[in-house]
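1. fold the following and give me the result.
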Amino acid sequence: MDATLAFPLLAALIAIALFFDFLNGLHDAANSIATIVSTRVLRPQYAVAWAAFFNFIAFLFFGLHVAETLGTGIIDPAIVSPMVIFAALMGAIIWNIVTWVLGIPSSSSHALVGGLVGAGLAKVGWSSIVWSGLLKTAGAIVMSPMIGFLLALFLVLVVSWLFVRQTPFAVDRTFRVLQFASASLYSLGHGGNDAQKTMGIIAILLYSQGYLGGSFHVPLWVVLSCQSAMALGTLFGGWRIVHTMGSKITRLNPMQGFCAETGGALTLFAATWLGIPVSTTHTITGAIVGVGAARRVSAVRWGLAGNIVIAWVITLPAAALISAAFYWAAALFN
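-> Okay, the predicted model is just below:
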């Protein structure tokens, strides 16, 4: 399988990558719509259509820095082969399905990173790792929810001070309108960061097979295919995870939903421009915990939040182990 692939097999591998992108949209739909659904600003079916639209158009607003990081900054591009990509995708897909069935808001992004690392280690060992890119991504596991938490907490305090003389009804009415904007921004950030990860995977596969010429880049058809797959996945929604994100961690009103989405969106925008593949799940969860803690510490179900953190920690190694197993199994038939 390490030899140059025939076109039908290459197309099948690209289809698997797009299936992962679809699952990413399905799995992470909750990140985009949980707050706007839980505050009853939009019904679920309208919320997913709203999020899917902004997921799709995200490529118009961001560069492709995250795609470049995933394509060349996690494992050495020289060791990438179709079998490595296959194993990485299977590790990420299986972990996504497991966490989706269990309703755990784990990170599709870090499942994919874990899949790449596991496949690279299975093929050539530790020399396959691009440590600068991997450490930057691992650092974002900690930093993105912390930044989302702090930004959302700060926004709640600022908004509370600005609207202190308003009646609760007036505040609620104002932020029901503003939440459309904040949900749009968050969905834009989600599409901008997450879809690029699959773009990077497909582009490095094409590069390894000699389809991109002498330099790594992301063709437009890859961009459009990935954005479409993610938007379609978002349309199907991940209702099990929506329930966890939207109401189990803490109860939200429209003002708090606006602050959580805006804090999360700002975090995603910054990470995407810097080329850091962060987790939208980590980011919005941190922001939701931030707005809950601003109300009172006891408003957050810290036990559930702790279980989610445990899922985050094990995602990368779990996906890596599954990926390595697939690589070794595929090697038996090579």
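2. next, give phi and psi for residue 129.
-> Backbone dihedrals for residue 129, given as degrees, to the nearest 10, come out at phi -80, psi 130.
3. just residue 75 next, same as before
-> Here is the backbone geometry of residue 75 (degrees, to the nearest 10): phi -130, psi 160.
4. same question, the one 5 residues further on
-> Residue 80 has phi and psi values of phi -70, psi 130 when expressed as degrees, to the nearest 10.
5. give the contact list for it.
-> 204, 205, 207, 208 (CB atoms under 8 Å, 6 or more residues apart in numbering). Any C-beta I mention is one placed from the backbone N, CA and C, and that applies to glycine too.
6. switch these over to JSON lines; also include pLDDT and secondary structure.
-> Listed next are the contacts of residue 80 as JSON lines, based on pLDDT from 0 to 100; DSSP: H, G, I helix; E, B strand; the rest coil:
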{"residue": "204", "pLDDT": "89", "secondary structure": "helix"}
{"residue": "205", "pLDDT": "89", "secondary structure": "helix"}
{"residue": "207", "pLDDT": "88", "secondary structure": "helix"}
{"residue": "208", "pLDDT": "85", "secondary structure": "helix"}
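7. redo those residues as JSON lines? Include distance to residue 152 and neighbour count.
-> Below are the contacts of residue 80 laid out as JSON lines (distance: CB to CB, whole Å; neighbours: other CB atoms under 10 Å):
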{"residue": "204", "distance to residue 152": "35", "neighbour count": "25"}
{"residue": "205", "distance to residue 152": "37", "neighbour count": "25"}
{"residue": "207", "distance to residue 152": "39", "neighbour count": "20"}
{"residue": "208", "distance to residue 152": "41", "neighbour count": "22"}
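8. which one of the residues you listed is nearest to residue 231?
-> residue 205 (21.7 Å; CB to CB).
9. which residue comes closest to that closest one once chain neighbours are left out?
-> residue 85 (4.9 Å; CB to CB, 6 or more residues apart in numbering).
10. and the one you found, helix, strand or coil?
-> Following DSSP: H, G, I helix; E, B strand; the rest coil, residue 85 is assigned to helix.
11. what's it in contact with, if anything?
-> Contacts of residue 85 (CB under 8 Å, 6+ apart): 13, 17, 119, 201, 204, 205, 208.
12. which non-adjacent residue is nearest the last one?
-> Spelled out, that is residue 208. That would be residue 80: by CB to CB, 6+ apart, it lies 4.6 Å from residue 208.
13. can you check the pLDDT for the one you found?
-> Note for residue 80: predicted pLDDT of 88.
14. re earlier: and the contacts of residue 80, which is closest to residue 75?
-> Using CB to CB, the contacts of residue 80 come closest to residue 75 at residue 204, 9.1 Å.
15. isn't that closest one up against residue 69?
-> No. If you go by CB atoms under 8 Å, residue 204 and residue 69 don't touch, sitting 10.9 Å apart.
16. what comes up buried for stretch 254-263?
-> Residues 254, 255, 256, 257, 258, 259, 260, 261, 262, 263 are the ones in stretch 254-263 that count as buried (16 or more other CB atoms under 10 Å).
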